[in-house]
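[1] Quick one: sequence and predicted model below, then my questions.
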Amino acid sequence: MRKIFLFFTILLALGCQRHSVHVQQEVKQQSVIEDVCKDFSQDVLTSEEIAHWDSMNAEGGYLLVRGAERNLDTIVNHLHLIFTTEP
């Protein structure tokens, strides 16, 4: 369980770091959904990571992304993402 929590923490930290650098570099603002999906679609996952995320999806696991412009439930690169407009 610790490994899963650590993995989620690292992913969130990397995603936030990429997001802040990405926003600073671009003048136009991308949608939250577009930005997060673009980041996750560019990640290259190992077969072990794919198996991990697929098993998490099968057990009902997901990553919740708050502050999106609309509600959306999608899978990007084996990661189940749920976007919500709630802060």
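    Alright, I've got the coordinates. Numbering: from 1, shown residues only.

[2] Surely residue 34 is in a helix?
    Yes: the assignment for residue 34 (DSSP: H, G, I helix; E, B strand; the rest coil) places it in a helix.

[3] now it: how far from residue 83?
    From residue 34 across to residue 83, the span is 11 Å (C-beta to C-beta, to the nearest Å). Every C-beta, even on glycine, is put in place using the N, C-alpha and C of the backbone.

[4] Which of these two has more residues huddled nearby?
    Ranked by neighbour count (other C-beta atoms under 10 Å), residue 34 and residue 83 place residue 83 first, with 21 against 11.

[5] Over to the more buried one. Which of the three states is it?
    Going by three-state DSSP: residue 83 is strand.

[6] Can you tell me the element the closest residue to it other than its chain neighbours falls in?
    Using C-beta to C-beta, 6 or more residues apart in numbering and skipping residues adjacent in sequence, the residue nearest residue 83 is residue 68, 3.7 Å away. Following DSSP states H and E, one finds residue 68 outside all helices and strands.

[7] Could you measure from residue 47 over to residue 74?
    Residue 47 is 22 Å from residue 74, by C-beta to C-beta.

[8] The two: who's more crowded?
    Taking neighbours as other C-beta under 10 Å, residue 47 and residue 74 compare with residue 74 leading, 14 against 7.

[9] Quickly list what that one is bridged to.
    Taking DSSP bridges as the rule, residue 74 bridges to residue 81.

[10] right, and it touches residue 81 too?
    Yes: Residue 74 lies in contact with residue 81 (C-beta atoms under 8 Å); the separation is 5.6 Å.
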